[in-house]
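Chemist: Structure, please.
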Amino acid sequence: MLNLSDLSRIKGFRFPRSVIGYAVWAYHRFALSLRDVEDLLAARGVCVSYETVRDWVARFGCQFAARIRRARPNPADKWHLDEVVISIKGKKHWLWRAVDANGDVLDILVQSRRNTSAAKRFFRKLFRRWGQPRVLVTDKLGSYAAAKAEVAPRIEHRQHKGLNNRAEASHRHTRRREKIMGRFKSPGQAQRFLSAHDQIATLFRPKRHRLSARSYRHARSDAFSLWTDYAADLAA
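Modeler: The predicted structure follows:
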């Protein structure tokens, strides 16, 4: 993945795409800080500051995420939705997340409310991108039912906290990164980071507990191959 002899450089950048791609991959794949990634690169002969890594992650993470999202097959027809509170500059915000039945994150949205208007905004964002599912599974928050009745009344809706473990479990990675980053700095920063992080992390977490060792190695090899292709297409 890391090829220092690669001459494919982005205009205005000193290092080749493979180095930038490696830094973005390491930051999103593992629970690392920016300074951790700086040290990994230094061990491989690449001398950059953690601020440079921050710029690469912010600038190119969204490009990787967009490519991953476009290449994904259509999601399963059952979606799990959940919201979790995050603190930004001492104020409460809500991270809305949708996960399909396979555990793949469909989308996220950071909002300051979790009322009916916020739920409708999230539904519309999801439906524009993926169409409508057969079944929505949520907890018992009343905002979901009110929003669904207005936006998509024909979709089957199951409200039960015990049925929604798949969506709730997806928040664990967010909590881990939130702790490493010392909390998110703004709603926009949280939205940009998590939109990229969820897609990149999903690519490199192919449900290992469901796969044989051989199948997992094949899935991992495919993910690396895709990442190399995506890195080759990075643009400033």
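
Chemist: tell me which residues in stretch 174-187 are buried?
Modeler: By neighbour count on 16 or more other Cβ atoms under 10 Å, the buried set for stretch 174-187 is 174, 177-178, 184, 187. All C-beta atoms are positioned from the backbone trio N, CA, C, and that covers glycine.

Chemist: ah, wrong one, I meant stretch 209-227
Modeler: Quick answer for stretch 209-227 (16+ other Cβ under 10 Å): 219, 223, 226-227.

Chemist: Nearest residue to the middle of this structure?
Modeler: Nearest to the mean C-alpha position of the chain, counting by Cα atoms, centre = their mean, stands residue 198 at 1.4 Å.

Chemist: got the contact list for that residue?
Modeler: Applying Cβ atoms under 8 Å, 6 or more residues apart in numbering, we find residue 198 in contact with 65, 97, 105, 108, 170, 173.

Chemist: name the element residue 52 belongs to?
Modeler: For residue 52, the element it lies in under DSSP states H and E is helix 50-71.

Chemist: For residue 195, grab phi and psi.
Modeler: phi -60, psi -40 (degrees, to the nearest 10).

Chemist: these two touch, right, it and residue 62?
Modeler: Yes - using Cβ atoms under 8 Å, residue 195 is in contact with residue 62, at 7.0 Å.

Chemist: So what touches the helix holding residue 52?
Modeler: Outside helix 50-71, the residues within contact range by Cβ under 8 Å, 6+ apart are 20-21, 23-24, 27-28, 33-35, 37-38, 41, 192-193, 195-200, 202-203, 226-227, 230-231, 233-236.

Chemist: returning to that earlier point: max pairwise distance over the buried residues of stretch 209-227: which two?
Modeler: Using Cβ to Cβ, the pair of these lying farthest apart is 219 and 227, separated by 12.7 Å.

Chemist: Buried ones among the contacts of helix 50-71?
Modeler: 20-21, 23-24, 27-28, 34, 37-38, 41, 192-193, 195-200, 202-203, 226-227, 230-231, 234.

Chemist: continuing past the lowest-mean-pLDDT helix or strand in the chain, what's the next helix or strand?
Modeler: Among the helical and strand segments of the chain, the one scoring lowest on mean pLDDT, DSSP states H and E is helix 165-169, with a mean of 65. Next along the chain after helix 165-169, taking DSSP H and E as the criterion, comes helix 171-180.

Chemist: any idea of the mean pLDDT in that following helix?
Modeler: Average pLDDT, helix 171-180: 85.

Chemist: Check which helices and strands that helix is in contact with.
Modeler: Helices and strands touching helix 171-180, by 3 or more Cβ pairs under 8 Å, 6 or more residues apart in numbering; DSSP states H and E, are strand 78-88, strand 91-100, helix 187-203.

Chemist: how much does that helix deviate in direction from strand 78-88?
Modeler: Calculated by axes from the mean of the first three to the mean of the last three Cα atoms, to 10 degrees, helix 171-180 forms an angle of 20 degrees with strand 78-88.

Chemist: before we move on, back to that, if I look at the residue nearest to the centre of the chain, how far off is residue 118?
Modeler: Computed with Cβ to Cβ, to the nearest Å, the distance linking residue 198 and residue 118 is 19 Å.

Chemist: do the same with residue 172
Modeler: 23 Å.

Chemist: likewise residue 76?
Modeler: Relative to residue 118, and taking Cβ to Cβ, residue 76 is found at 24 Å.
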